[in-house]
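**Student:** Dropping a prediction and its sequence here:
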Amino acid sequence: MTWARRWLATFRPLIVVVAGTPLILILAGFGCWQQDVLFTFDNRTDAVLCEYGSLNQAAAETCRAELEPQTETRWGRDCDAQRSRPITMIIAVKQGGRQIYNRTATCGEWQDSDRRFVIEQEGDGFIVTDSLPDFIPSP
């Protein structure tokens, strides 16, 4: 057996571990970027709607998720592993930018709800139903 084969036979397990570690870390890292809150939007209207994460995005018409008419769309938000992190949810009619929903809750509050929005239209008005408990200000 040549010295190279002996060396390879001796250090093969170490080579596999060292060479495989970056791949394992990369694959594990993808799990860290998963969305922490997955929302479901049930758009029962004939309008294309947009979901925004802030008033600035809404003003700039930077649609985070486009909600097609008569469809159910799933869209996630990242909490960075912080249940106290606030998430603002703004829903507007894409054409014209008319805001029909605006609410901020913590990641924990969203996670504890069923994270579902049902959007319906009655005439020119829109009704958005969420699953968060009603806000009751403290006395």
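**Tutor:** Thanks, I have it.

**Student:** I'd say residue 101 and residue 88 touch.
**Tutor:** No - counting by Cβ atoms under 8 Å, residue 88 is not a contact partner of residue 101; they are 10.5 Å apart. Any C-beta I mention is one placed from the backbone N, CA and C, and that applies to glycine too.

**Student:** neighbour-wise, which of the two wins?
**Tutor:** Neighbours per residue, other Cβ atoms under 10 Å: of residue 101 and residue 88, the larger number sits with residue 101, 18 against 15.

**Student:** can you list contacts of the helix or strand where that one lies?
**Tutor:** Of the helices and strands defined by DSSP states H and E, residue 101 is found in strand 99-106. For strand 99-106, contacts defined as Cβ atoms under 8 Å, 6 or more residues apart in numbering pick out 49, 58, 83-93, 113, 117, 119, 126, 128, 130, 132.

**Student:** one more time with 10 Å
**Tutor:** Outside strand 99-106, the residues within contact range by Cβ atoms under 10 Å, 6 or more residues apart in numbering are 37, 45, 47, 49-52, 54-55, 58, 79, 82-93, 109-113, 117, 119, 121, 125-130, 132-133, 135.
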